[in-house]
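*Asks:* Generate a structure from the sequence data that follows.
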Amino acid sequence: MSGKGFRDLIPRVYYYLRYLRGQCGLTLIETLISLSILGLVAGIFLSGMSVSSKAVMISQKRMSVESVAKSQMEYIMNQEYDGNNPPEYEQLDETDIPEGYEITIIAERLDPKGDGFDEDDGLQMIAVIVEHNEEETVRLEGYKLSR
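*Replies:* Coordinates of the predicted model:
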């Protein structure tokens, strides 16, 4: 900055400071407006945090239900192949299922050869349905082969 510009700045600062000398502080209205703006921002922030925490809780419940469905499907896949019509498989222990949830297992013979369902072709469709409050929450489907 050149010397002349700096000299022009000093009187401006001086006059500004003289202008501010007459003002002693904030008025009541200015204080109330600033507090209301601060309260509004805090309310919006807390509302966002509330929605975020609810979303996390729903996501955690969904993950635990999906985990139970996958565990049930793995448990069925490790059981012996049931050649009966309709096939029946054991369910997980009651202690492994979260409270308020029900597991339904649907096992059906498939007929890839087209010779009818009386003869077992060694292929079954397995569906594991997890319900909460009588509403389907998760449905997991897989296939079981006779080995």
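*Asks:* so what's the most centrally placed residue in the chain up against?
*Replies:* What sits nearest the mean C-alpha location of the chain, by Cα atoms, centre = their mean, is residue 59, with 2.6 Å. By Cβ atoms under 8 Å, 6 or more residues apart in numbering, residue 59 lies in contact with nothing. Placement of C-beta: from N, CA and C, glycine included.
*Asks:* can you give me the offset of the lengthiest helix in the chain from its chain's centre?
*Replies:* Longest helix of the chain, by residue count under DSSP state H: helix 28-77. Chain-centre distance of helix 28-77: 9 Å, with Cα atoms, centre = their mean, to the nearest Å.
*Asks:* average model confidence for it?
*Replies:* The average pLDDT within helix 28-77 is 92.
*Asks:* Please apply the same query to stretch 95-113.
*Replies:* Regarding stretch 95-113, the rounded mean pLDDT is 84.
*Asks:* what comes up buried for that stretch?
*Replies:* Buried residues in stretch 95-113, counted by 16 or more other Cβ atoms under 10 Å: 97, 101, 103, 105, 107, 109.
*Asks:* Which ones among those residues map onto strands?
*Replies:* Members of the buried residues of stretch 95-113 lying in strands (criterion: DSSP state E): 101, 103, 105, 107, 109.
*Asks:* Contacts only, for the second one.
*Replies:* For residue 103, the contacting residues are 68-69, 72, 91-92, 97, 128-131, by Cβ under 8 Å, 6+ apart.
*Asks:* next one: the fourth one
*Replies:* If a contact means Cβ under 8 Å, 6+ apart, then residue 107 has 76, 82, 86-89, 124-127, 144 as its contacts.
*Asks:* Bridging across strands, which residues link to it?
*Replies:* residue 126 (DSSP bridges).
*Asks:* And for the first one?
*Replies:* Beta-bridge pairing of residue 101 under DSSP bridges involves residue 132.
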